[in-house]
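Peer 1: I would like to see how this sequence folds:
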Amino acid sequence: MRRALFPGSFDPFHNGHREVVERASALFDEVVVAAMRNPQKAAPLFSLPERLNLILAAVSDLSNVRVVALSSLVVDLAREIGATVIVRGLRAVSDFEIELQMAQMNRTLSGVDTLFVPTSSEHSFLSSKLIREVAAYGGDVSPFVPAVVATALDGRLGVR
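Peer 2: Okay, here's the model as predicted:
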C-alpha cells in the first residue's frame, strides 16, 4: 500500500490544504493528515481536538483519507504508519526554501522522501494566519475555507 503523510498545524484547515489532500488522495492508496501543535507558532485559535474534528468533517467525502494527531517528529510518525512519502503544499517560491530544508532533514533522518504539491493559483495566497486575521476583523472567509471551518470561525471569533 502506498501511504502518504500530510503534516501541518492546520489552524484553521483551509481550501489550499483541502486541495493538497484531494490531489494526494488521487496519487496514493491512503493519505494520513496529521495535525500538530507547532511550538514555533503562536497559541492556536483551535485546540488540537477541535482541529482534528474540523479536518475530519472537511475531508469526510474522501474515503482514503485518515486524520490523526501528531505529537512527535514527522519522520517518527511516517515510520510508525508506514508512509512512503511526506506531502507538502507549496503556494509560492518563498515556501520552497524552508520546505526544501525540512525535506532534506526528513530524508536524512528517515529515508522518507517529500513530494511537493503546488497549489492552484486560486489557493496560492491562502494561509491559516491570513484567514485568522481576516476572520478576526469580520471579513468573510467562507470562499477560502470548508463550510464547517467557516462556521467554527464564526462561532469562535463571534464577529459577524
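
Peer 1: can you tell me which residues contact Thr84?
Peer 2: The contact partners of Thr84, taken as Cβ atoms under 8 Å, 6 or more residues apart in numbering, are Arg2, Arg3, Ala4, Val112, Asp113. C-beta coordinates here come from the backbone N, C-alpha and C atoms, glycine included.

Peer 1: Would you check that the second one makes contact with Arg79?
Peer 2: Pointing back at Arg3 there. No. Taking Cβ atoms under 8 Å as the contact criterion, Arg3 and Arg79 are not neighbours in contact, 11.3 Å apart.

Peer 1: circling back: now list the buried members of the contacts of Thr84.
Peer 2: Taking 16 or more other Cβ atoms under 10 Å as the criterion, what is buried in these is Arg3, Ala4, Val112.

Peer 1: List the residues that contact the second one.
Peer 2: If I follow you right, that is Ala4. The neighbourhood of Ala4, defined by Cβ under 8 Å, 6+ apart, consists of Ala24, Leu27, Phe28, Glu30, Val31, Val32, Ala83, Thr84, Val85, Ile86, Val87, Leu115.

Peer 1: For the longest helix anywhere in the chain, name the packing helices and strands.
Peer 2: The helix of greatest length in the chain, counted in residues with DSSP state H as the criterion, is given as helix 93-110. In terms of contacts (3 or more Cβ pairs under 8 Å, 6 or more residues apart in numbering; DSSP states H and E), helix 93-110 is packed against helix 74-81, strand 85-90, strand 113-118.
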